[in-house]
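In: can't give you the sequence, but here's the structure:
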């Protein structure tokens, strides 16, 4: 699905990360979200690779990357730790400064990377999220109904694991259908890959990802709530999804002084529902300094 890209498993400090990369030019890190893999970028990465060296890893806990135990406080799946994985991947590849774009959970990792390592991230793009702190501190019945996984997946082990594991492919397809606003936008080949990787270990690891989000990540977000994002920041969001529930532009303008962004007419999966628009928006955003 990534013609001309190479794939390798790359050891970092604690885990081994599966990495798909290709192209030439300044480095660009692309991070996927739940419940998917790096395959979300299969229609976007080739266009970006014409101008950038594109690195598409599987986050720890997802795809072909390692899935370690969560540990105390689910810290192994904190966005700080997951961001450190990606920093080490990029340094191993020889990139000390780079742009990063993330979707969903990957956008939370990308945000943490920009906050913890502002000297490393030249540009930040976040696709279809608002900060975790915002979600938990503005919850009401309407929001809770739309983001119910933030309360289901964080339940104690192994309640959500058992329930999802009863019909993992059914749950996965239901989730993809619930979030997708463009019928048939997700290709059957991509869905088959998501299904292949959505095994027992991934189900548990992704629950740990959400558990970390409600605990350790939330502590980190509160601790640096007043820290602005220093680099140029692009936000893209779904008009039919998160854009109908939050003032996405207002939230990101407050957090990122060098903000630009807009809504796309689609559901949650921007890179698969609107791949050409997503690629064009990223290319336009990255047309200035592109890292070194």
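Out: Perfect, thanks for sending it. None of the values given here were measured: they were computed from a predicted structure.

In: low pLDDT regions in the stretch 101-250 of the chain?
Out: Across the stretch 101-250 of the chain, nothing is flagged by pLDDT under 70.

In: quick one, helices of it?
Out: Applying DSSP state H, counting those that start in this stretch to the stretch 101-250 of the chain gives helices spanning 105-116, 132-137, 141-146, 149-152, 159-165, 168-179, 188-197, 200-213, 216-223, 248-255.

In: in stretch 76-95, what's buried?
Out: Buried residues in stretch 76-95, counting neighbours by 16 or more other CB atoms under 10 Å, are found at 76-90, 95. All C-beta spots, glycine's among them, are computed from the backbone N, C-alpha and C.

In: again, but for stretch 268-286
Out: By 16+ other CB under 10 Å, the buried positions in stretch 268-286 come out as 268-275, 277-279, 281-282, 285-286.

In: also stretch 256-269?
Out: 256, 259-261, 263-264, 266-269.

In: same deal with stretch 43-52?
Out: So stretch 43-52, judged by 16+ other CB under 10 Å, has buried residues 43-49, 51-52.

In: got the end-to-end distance for it?
Out: Distance across stretch 43-52, first residue to last, is 15 Å (CA to CA, to the nearest Å).

In: pretty sure residue 45 contacts residue 29?
Out: No. The pair residue 45 and residue 29 fails to qualify as a contact (CB atoms under 8 Å) at a distance of 11.3 Å.

In: let's verify the closest residue to residue 38 other than its chain neighbours: helix, strand, or coil?
Out: Leaving aside its sequence neighbours, residue 38 sits nearest to residue 56 (CB to CB, 6 or more residues apart in numbering; 4.0 Å). Under DSSP: H, G, I helix; E, B strand; the rest coil, the three-state class of residue 56 is strand.

In: for residue 7, same thing?
Out: Under three-state DSSP, the three-state class of residue 7 is strand.

In: specify the beta-bridge partners of it.
Out: For residue 7, the beta-bridge partners are residue 20 (DSSP bridges).

In: that older thread, restricted to helices, list the buried residues of stretch 76-95.
Out: 79-90 (DSSP state H).

In: can I get the residues you listed in JSON lines with pLDDT and distance to residue 9?
Out: JSON lines is the format used below for these (pLDDT from 0 to 100; distance: CB to CB, whole Å):
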{"residue": "79", "pLDDT": "98", "distance to residue 9": "22"}
{"residue": "80", "pLDDT": "98", "distance to residue 9": "23"}
{"residue": "81", "pLDDT": "98", "distance to residue 9": "18"}
{"residue": "82", "pLDDT": "98", "distance to residue 9": "17"}
{"residue": "83", "pLDDT": "98", "distance to residue 9": "19"}
{"residue": "84", "pLDDT": "98", "distance to residue 9": "18"}
{"residue": "85", "pLDDT": "98", "distance to residue 9": "13"}
{"residue": "86", "pLDDT": "98", "distance to residue 9": "15"}
{"residue": "87", "pLDDT": "98", "distance to residue 9": "17"}
{"residue": "88", "pLDDT": "98", "distance to residue 9": "13"}
{"residue": "89", "pLDDT": "98", "distance to residue 9": "11"}
{"residue": "90", "pLDDT": "98", "distance to residue 9": "16"}
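
In: list just the nearest of the buried residues of stretch 76-95 to residue 245.
Out: residue 79 (21.5 Å; CB to CB).

In: ok, now which ones touch the closest one?
Out: 108-109, 111-112, 212-213, 217, 220 (CB atoms under 8 Å, 6 or more residues apart in numbering).

In: relative to residue 220, how far out is it?
Out: 7 Å (CB to CB, to the nearest Å).

In: overlap in contacts of those two?
Out: Contacts common to residue 79 and residue 220, judged by CB under 8 Å, 6+ apart, are residue 112.

In: just to revisit the earlier point, surely the residue nearest to residue 38 and residue 43 touch.
Out: No. In this structure, residue 56 is not within contact of residue 43 by CB under 8 Å, at 12.0 Å.

In: overlap of the contact sets of the two?
Out: Common neighbours of residue 56 and residue 43 (CB under 8 Å, 6+ apart) do not exist.
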